[in-house]
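3D, please:
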Amino acid sequence: MLEIKKVGILLRDDIQTYPLEKITEVFYRIGATVQVLNHSPVPGDLDLVVAMGGDGTVLQALDMLPDCPVLAINYGTVGFLTAGDRDDLDHLLERLENGQYIISDRILLQCRYKEQGVLAVNEVILRTTGRMIQVDVFINDVKVRTIRGDGVIMGTPTGSTAYLLSTGAPIVMPDTDCFVLDGLNEYNYTSRAMIISPNSNVRLHLQPLQEGQEAHISADGKHFGTVESGGEITLCRSERRAQLIFFEENYFFHNLSSRLSWN
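Model prediction:
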């Protein structure tokens with residue numbers, strides 16, 4: 001159970017109305033102070049972040065404070081990473097106050113290019129716009145295949161319900177430690193997504209580009225860098241773990257059913 005003394009609140013936008021007084025009152029009762037993070041410096045000693053938005057707001061919170069647990073209330077559209085909807089806020093806050101919650105640990109992906117590094121909660125993408133690129137995939141220094149298409153995506157189980165979902169890759173339960181690697185619009189009918197051990201080291205070698213062509217790396221939808229012709233990026237498990245708060249053991253299946261309209 002968390003010892004909650006300092007809480008940050010991250011809002012999706014300035015347009016919607018948020019019950020900040022109600023939230024502040026709940027945390028005040030358990031001896032915690034509250035600070036809205038959107039327009040103020042982010043303190044480094046928070047015990048909890050309440051993200052009020054969709055999955056994008058959750059990713060923003062984890063990017064700002066990767067070692068801080070996040071409770072996400074859905075004020076967005078999809079919300080695979082959220083613990084509940086805004087209509088359930090009173091009930092969720094009551095359960096949080098009573099310690100009736102679980103903490104979900106999530107594997108993170110570490111990407112390095114040259115001397116720079118970035119963490120990803122969902123996925124890292126190497127891609128181009130326009131002409132196809134060819135990328136050699138090495139796993140633990142063994143060449144596995146060459147992907148010819150728009151690019152390559154490697155993601156976490158958390159990311160299996162994000163960009164990877166649109167590629168046709170499998171949905172992975174969030175407590176499974178693994179990675180998923182797939183091609184983007186690959187020009188090969190035998191292409192398949194690969195489930196990779198979390199202890200694997202993956203290297204992506206970008207074959208020479210055509211004149212005027214560019215390739216880019218993004219992490220969780222944010223531009224990370226431009227890859228030179230013949231360049232290589234490395235991907236592996238991070239020593240850090242993301243922490244998300246939920247209130248039901250079967251939250252993942254509930255979110256799948258409701259977000260994907262399976263029932």
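
so what are the domain limits for this protein?
The chain is divided into the following domains under automatic domain parsing: 6-101+247-260, 108-239.

Run through the residues that contact residue 3.
residue 47 (Cβ atoms under 8 Å, 6 or more residues apart in numbering). In this view, the C-beta of every residue, glycine as well, is placed from N, C-alpha and C.

And for residue 153, nearest residue in space, chain neighbours not counted?
For residue 153, ignoring the flanking residues on the chain, the nearest one in space by Cβ to Cβ, 6 or more residues apart in numbering is residue 125 at 4.9 Å.

Could you give the number of residues near the one you found?
Counted with other Cβ atoms under 10 Å, residues neighbouring residue 125 total 23.

Run through who's touching the helix or strand where it lies.
Using DSSP states H and E, residue 125 sits in strand 123-128. Here strand 123-128 makes contact (Cβ under 8 Å, 6+ apart) with 109, 111, 118, 133, 135, 150-156, 159, 162-164, 184, 204, 206, 209, 213-220, 224, 227, 233, 235.

Equivalent analysis for stretch 199-210, please.
126, 128, 131, 133-141, 146, 152, 154, 179, 181, 196, 215, 227-237.

In strands, which of those fall?
126, 128, 133-139, 146, 152, 154, 179, 181, 196, 215, 227, 232-237 (DSSP state E).

ChimeraX command to pick out the buried ones of those residues?
Selecting only the buried entries of the ones in strands among the contacts of stretch 199-210 in ChimeraX, with 16 or more other Cβ atoms under 10 Å as the criterion:
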select :126,128,133,135,136,137,138,139,152,154,179,181,196,215,227,232,233,235,236,237
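
Would you confirm that residue 144 contacts residue 183?
No - counting by Cβ atoms under 8 Å, residue 144 does not reach residue 183; the two are 11.9 Å apart.

the more surrounded of the two?
Taking neighbours as other Cβ under 10 Å, residue 144 and residue 183 compare with residue 183 leading, 23 against 14.

Who is the nearest residue to the more buried one once chain neighbours are set aside paired with across the strands?
Nearest in space to residue 183, with sequence neighbours left out and distances taken as Cβ to Cβ, 6+ apart, is residue 147 at 4.2 Å. In this structure, residue 147 bridges to residue 135 when assessed by DSSP bridges.

show me the contacts for residue 147.
134, 135, 137, 183, 186, 188, 191.

From residue 182, how far off is the last one?
Note on residue 191: its distance to residue 182, by Cβ to Cβ, to the nearest Å, is 8 Å.

Neighbour count: these two, which is higher?
For the pair residue 191 and residue 182, the greater number of neighbours falls to residue 182 (23 against 17), based on other Cβ under 10 Å.

Averaged pLDDT, stretch 131-147. What do you get?
Per-residue pLDDT values over stretch 131-147 give a mean of 96.

Repeat that for stretch 62-76.
92.

and if you look at stretch 230-247?
Here the average pLDDT along stretch 230-247 is 96.

before we move on, the earlier item: send over the strand holding residue 125 as PDB, restricted to the C-alpha atoms.
Extracted in PDB, the C-alpha atoms of strand 123-128 (Å, rounded to 0.1, in the frame of the first residue of the first chain):
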ATOM      1  CA  GLU A 123       6.300   1.400 -28.500                       C
ATOM      2  CA  VAL A 124       9.300   2.600 -30.500                       C
ATOM      3  CA  ILE A 125       8.800   3.000 -34.300                       C
ATOM      4  CA  LEU A 126      11.500   3.400 -37.000                       C
ATOM      5  CA  ARG A 127       9.700   4.500 -40.200                       C
ATOM      6  CA  THR A 128       9.800   6.600 -43.300                       C
END
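
Any idea how far it is from the middle of the chain?
14 Å (Cα atoms, centre = their mean, to the nearest Å).

Over to stretch 122-136?
That offset, for stretch 122-136, works out to 19 Å (Cα atoms, centre = their mean).

Quick one: end-to-end distance for that stretch.
22 Å (Cα to Cα, to the nearest Å).
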